[in-house]
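Trainee: turn this into a model:
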Amino acid sequence: LLNMIVAVIDSTQLQELMCHVMMGNLVMFRKDSVLNILIQSLDWETFEQYSTWQLFLAHSIPLETIIPILQHLKYKEHPEALSCLLLQLRREKPSEEMVKMVLSRPCHPEDQFTTSILRHWASKYDDTLGEHIKAQLIKNNNQPRKRQSLRSSSSKLAQLTLEQILEHMDNLRLSLSNTKNNFFTQTPILQALQHVQASCDEAHKMRFSDLFALAEEYEDSQSKPPKSRRKAPASSPRSRKGAAPPTNNEEESASSSASEEEDSKPKAPKRKRKGSSAVGSDSD
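Mentor: Residues are numbered from 1 along each chain as shown. Below is the predicted model of the structure:
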């Protein structure tokens, strides 16, 4: 029924339907069935797909309800759904499920969907995105490599693997290389890269050497002891109390005070010479 509607309406009628949906006069999607309807619409004409997505966005259905559709979208075959979903994800704060589904997309040089939304989240929600990526890295790193390869080959849907996460992170690193974004200086990201580097094989270490170099720099900075605090105990006045001789300033102040005391004492009168001369004159 929905396909029949969007196949015959024009842009004016689409706008009227959206208004009725927002006012509560019309319901065209329900939470339990909207995902299947959007998946079926991927084979419709371009205007029909755009109309379907506009009508969906007019409803108050959480985006996480339909985020699994990302596993069905291919960048060459479904640009309508990808563009609508990209604009909607841009307005959302990333959740763990959103990040997982975005990272589960296969990496391709012409597919910029994952890199573009990760870059936006990294500039606006860097802490939240960093924690979610760290969780996915550690979770997938702890799974056996054979199980990941068998799971991805046996299923038609895209499955998240450690290699996919590293590929998307490396693309994000290159995208942020000429910016002032500090996403890859976050402690959770660097700790997760350290965790992965310690257990991955040499082939992955060589392939993602630039990415792992960030973790090595972080490890080196953590292993270096602080230099500014070493001289603090030596300069403490308590440690030198009674052990070191008085400084030159103290000696000079003591000598100056002693000289001042001597100058302040009254001097003896010099009258003995005059007395002796007077006695001598009398004897004469």
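Trainee: just give me the neighbour total for Ser116.
Mentor: 15 (other C-beta atoms under 10 Å). C-betas here are computed from N, CA, C, even on glycine.
Trainee: now for it: which residues touch it?
Mentor: By C-beta atoms under 8 Å, 6 or more residues apart in numbering, the contact set of Ser116 is Leu86.
Trainee: wait, isn't Met28 in contact with Ile61?
Mentor: No. With contact defined as C-beta atoms under 8 Å, Met28 and Ile61 do not form a contacting pair (10.6 Å).
Trainee: who has more neighbours, those two?
Mentor: Met28 (19 against 15).
Trainee: okay, the more buried one: pLDDT?
Mentor: Met28 is assigned 94 on the pLDDT scale.
Trainee: what of Arg207?
Mentor: 92.
Trainee: for the stretch 1-150 of the chain, just list every one of the helices.
Mentor: Using DSSP state H, counting those that start in this stretch, the helices of the stretch 1-150 of the chain run over 2-8, 11-22, 34-40, 46-58, 79-90, 96-103, 113-124, 126-141, 145-154.
Trainee: got the buried residues for the third one?
Mentor: Buried residues in helix 34-40, counting neighbours by 16 or more other C-beta atoms under 10 Å, are found at 34-35, 37-39.
Trainee: got those residues as JSON lines, with pLDDT and distance to Asp201 columns?
Mentor: Output for the buried residues of helix 34-40, formatted as JSON lines (pLDDT from 0 to 100; distance: C-beta to C-beta, whole Å):
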{"residue": "Val34", "pLDDT": "95", "distance to Asp201": "42"}
{"residue": "Leu35", "pLDDT": "96", "distance to Asp201": "37"}
{"residue": "Ile37", "pLDDT": "96", "distance to Asp201": "43"}
{"residue": "Leu38", "pLDDT": "96", "distance to Asp201": "39"}
{"residue": "Ile39", "pLDDT": "96", "distance to Asp201": "37"}
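Trainee: Gln191: which of those is nearest?
Mentor: Closest to Gln191 out of the buried residues of helix 34-40 is Leu35 (35.2 Å), distances taken as C-beta to C-beta.
Trainee: give me the nearest residue to the closest one, chain neighbours excluded.
Mentor: Sequence neighbours aside, Ile66 is the residue nearest to Leu35 in space, at 5.0 Å (criterion: C-beta to C-beta, 6 or more residues apart in numbering).
Trainee: run through the stretch 1-150 of the chain and note the low-pLDDT ranges.
Mentor: 143-150 (pLDDT under 70).
Trainee: how many neighbours does the residue nearest to Leu35 have?
Mentor: Based on other C-beta under 10 Å, the number of other residues close to Ile66 is 22.
Trainee: mind listing what it touches?
Mentor: 34-35, 38, 56.
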